[in-house]
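>>> structure for this input, please:
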Amino acid sequence: MANVLCPYCFHKFSTKEAQYQCINEEKKYVKPDSSRASEPKPADDDLDFSSLEADLDAGSQARQEEESGWVRVCSKDEDAKYINHWQSGIVKINHIFSHSGFMGFGGPPNSAKCDRCGTPSTRFVCPYCHNWLPTEMIANGSQIISVIGAQSSGKTTYITALYDELRKYGYKMRLNITPKDESPRDDYRTTVKIQKLKTRLFDEHEQVEKTPVGEKPIPLIFELVQSKDINKPSKGDKHIYLVFYDTAGESFENQEEILRTATYLQESSAVILLLDPFSVKALRQDIIDAGYSEDDMKSNPAQVVSSLLAYAKSDPKRLASLKKKPIAVTFSKIDAVVNGLDEAGSEYGIQGIDLRTNSSFLKTGVLDMNVTDQISEGIVNVCRERWELAGLVSDINMTFDNAHFFGVSSLGGDISKIDKIRPYRVLDPLIWLLSQLDGFEIETL
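Model (predicted):
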């Protein structure tokens, strides 16, 4: 039986514990008259009202008795679990119910009848927070790769570029990415938001807006599938979910946000941790000389990592769970670092980082581990010898047995000065992580 990790509240549960949400939308009750004679009557062949009297006696919400010409509805509820998760005011959502019949051998059945109105539903929700979950997640269980990061690390820009690159080049490794979520606001749905972000960045050449402080983080959820046959789905396809939490940078300084992010870190199968090179003290003058604003330089990476891992290290079991978890420690905006060093006439560079040469697997579909290792070693070297981040490297290596370091650029340059966005190595962290997880077939050199 598969296990599910909810990407909203990060509670784990078995597929048989998944709950359902009624899909029968609330409508007005209107007695039939001649003016409605031509209107189609809703299908109700599958509805079962035999338990109506018993349910009413048990204190269930009152229902209209079935009468000729009436349209049965299932009213919405003020759902405490949903309201508590989103920390919102009174919100009414469609009725949540559990399946009381035979669950089958692989988890919940394809559908279950609402315990109020009898309407069959295949809409699954988490039993802890009552947020919608994709059917594929319930059927196959869920592994999650989380993308987390500190203030000004360019998380939103990175995930937008990552999505776009996967749509363009994922087929080289039989990978396909699809937005998979809902949210309490339609404009925050992954499908809607990722398209708006792509338009803003790639068409309008405008920076994305910063996430407002104090808002509840709404995850962007993507299903990533590696197919046996890129042209059609099959039972042997491997599924994983890429989850990105668009938290405000300032909120990461908050203890509550650190604890929440540490939970993502602990429960995910793998993690991409984004760090901002602008906030590396030893690099500041070089970056300023290259024309970047000092106002953007905040959240020391070493302090971010130390605060995050302190929570993990406080519990031996929690620490043990991180040991074998692959983590991609990723410095964003690496183009600014390279250009800043060149502008400053620096005598050192970063081994393996060449903005003129992008990831070879974009053409070949093969991950060159020699180059991946070279870049990781190069970044570790400058962290220790030039950037005064030896403590950060030690914290990572003492906590994780399987860590690699990366340098990426979501845009390839200053968006206000370049004629075309050219992402640089944005897929490297993800493809490396997939190569470390069981079930994925990433060809390597």
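
>>> please count neighbours and contacts with C-alpha atoms only from this point.
Will do.

>>> can you list the domains in this structure?
Following automatic domain parsing, the chain resolves into domains at 15-130, 143-436.

>>> among the ones you listed, show me which one is buried the most.
For these, the largest average neighbour count (mean count of other CA atoms under 10 Å) is found in domain 143-436, namely a mean of 18.

>>> re earlier: how about CSV for the domains of the chain, with mean pLDDT and distance to Cys9 added?
Formatted as CSV, the domains of the chain follow (pLDDT from 0 to 100; distance: least, CA to CA, whole Å):
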stretch, mean pLDDT, distance to Cys9
domain 15-130, 66, 7
domain 143-436, 82, 9
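
>>> can you put those in CSV and add distance to Ile442?
Converted to CSV, those look like this (distance: least, CA to CA, whole Å):
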stretch, distance to Ile442
domain 15-130, 28
domain 143-436, 5
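
>>> closest to Glu136 out of the ones you listed?
Judged by CA to CA, the one of these that comes nearest to Glu136 is domain 143-436, at 8.5 Å.

>>> out of the domains of the chain, nearest to Tyr8?
Here domain 143-436 is closest among those (CA to CA), at 6.8 Å.

>>> spit out the contact partners of the residue nearest to Ser227 when sequence neighbours are not counted.
Using CA to CA, 6 or more residues apart in numbering and skipping residues adjacent in sequence, the residue nearest Ser227 is Asp237, 4.6 Å away. By CA atoms under 8 Å, 6 or more residues apart in numbering, the contact set of Asp237 is 225-228.

>>> same question for Leu392.
Contacts of Leu392 by CA under 8 Å, 6+ apart are 301-302, 305-306.

>>> which element is it on?
helix 390-399 (DSSP states H and E).

>>> and after that helix, which helix or strand comes next?
strand 403-407.

>>> run through who's touching that next one.
Under CA under 8 Å, 6+ apart, the answer for strand 403-407 is 326-334, 353, 373, 375-377, 379-380, 396-397, 425, 428-429.

>>> show me what secondary structure element comes after it.
helix 428-436.

>>> other SSEs contacting that following helix?
Helix 428-436 is packed against strand 270-275, strand 327-331, with contacts defined by 3 or more CA pairs under 8 Å, 6 or more residues apart in numbering; DSSP states H and E.

>>> next, the angle from it to strand 327-331.
Helix 428-436 and strand 327-331 are oriented at 170 degrees to each other (axes from the mean of the first three to the mean of the last three CA atoms, to 10 degrees).

>>> and the direction of helix 428-436 versus that of strand 403-407, what angle?
Going by the same axes, to 10 degrees, helix 428-436 makes 150 degrees with strand 403-407.

>>> ranges for the strands of the stretch 151-300 of the chain?
Along the stretch 151-300 of the chain, counting by DSSP state E, counting those that start in this stretch, strands occupy 175-179, 219-226, 238-245, 270-275.

>>> can you put those strands in TSV and add distance to Leu197?
Shown next, in TSV, are the strands of the stretch 151-300 of the chain (distance: least, CA to CA, whole Å):
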stretch	distance to Leu197
strand 175-179	13
strand 219-226	12
strand 238-245	14
strand 270-275	19
